[in-house]
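all I have is the shape, not the residue letters:
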């Protein structure tokens, strides 16, 4: 005669073991993959960063705005590297090459945008035209920036760590009438 209680205990034990195995397996690869929405986070990129810093800036007139300029200079770079976007403090901006220096780049992030393009409407079809907010490729502290670049057809992300803060720039106001 088969004991129903012992069969139930065996099934319960197997169910618990199966559940624990599945749980452990699902967490086993959590830290090994460093992929992001823009590509792979790169620890050894095809370039060497000499230094990086940022400066907040404020225009001298109200309509002039404000923002953050992020700079980075390279010691060396492999041919074929294209710098795309920098992500810093929840914002994104295109990267610009500064020709006055051999390997210096800059991104100008506007932080004053009042989002005039946001459409608030009772009709969801009209609101669908709104642009989505900037999606960061990965979680980073405020002292780091994520640098998106393309190399050999692959888009990757490199994290600039502990970016130095330089003194803010306050541009002088314009006096169009010439009054003092």
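Right, received. Where do you want to start? Just so it is clear, the structure is predicted and the values come from calculations on it, not from any experiment. Numbering: from 1, shown residues only.

which outside residues touch stretch 87-98?
Stretch 87-98 is contacted from outside by 54, 68, 70, 83-86, 104-111, 134, 136-137, 140, 142, 145-148, 163, using CB atoms under 8 Å, 6 or more residues apart in numbering. For every residue, glycine as well, the C-beta is placed using N, CA and C.

now those: which count as buried?
With neighbours counted by 16 or more other CB atoms under 10 Å, the contacts of stretch 87-98 contain buried members at 54, 68, 70, 83-86, 104-107, 109, 136-137, 140, 145-148, 163.

where are the low-confidence patches of this structure?
Scanning the chain for pLDDT under 70 picks out 1-3, 18-42, 113-121, 126-137, 174-180.

helices along that one, start to end?
For the chain, the helices defined by DSSP state H occupy 4-27, 124-127.

what pairs with residue 48 across the strands?
Per DSSP bridges, the residues bridged to residue 48 are residue 76.

I'd say it and residue 73 touch.
No. The pair residue 48 / residue 73 is not scored as a contact, 10.2 Å apart, by CB atoms under 8 Å.

gap between residue 107 and residue 156?
17 Å (CB to CB, to the nearest Å).

then residue 51?
For residue 51, the distance to residue 156 equals 21 Å [CB to CB].

neighbour-wise, which of these two wins?
residue 156 (22 against 13; other CB atoms under 10 Å).

which residue ranges form the strands in the chain?
35-36, 39-41, 47-58, 66-77, 82-88, 91-94, 96-98, 104-110, 145-151, 154-160, 164-170 (DSSP state E).

buried sites along the fourth one?
The reference is to strand 66-77. Buried-residue list, strand 66-77, by 16+ other CB under 10 Å: 67-74, 77.

now do it: everything it contacts.
Residues from elsewhere that reach strand 66-77 (CB under 8 Å, 6+ apart): 46-59, 86, 88-89, 91, 93, 101, 103-112, 145, 147, 160, 163.

so what angle separates the directions of it and strand 164-170?
Relative orientation of strand 66-77 and strand 164-170, computed by axes from the mean of the first three to the mean of the last three CA atoms, to 10 degrees: 140 degrees.

numbering from 34 from now on, please.
Yes, from this point I'll number from 34; that puts the last item at strand 99-110.

and for residue 182, the neighbour number?
What residue 182 shows, counting by other CB under 10 Å, is a neighbour count of 23.

brilliant, that's me finished.
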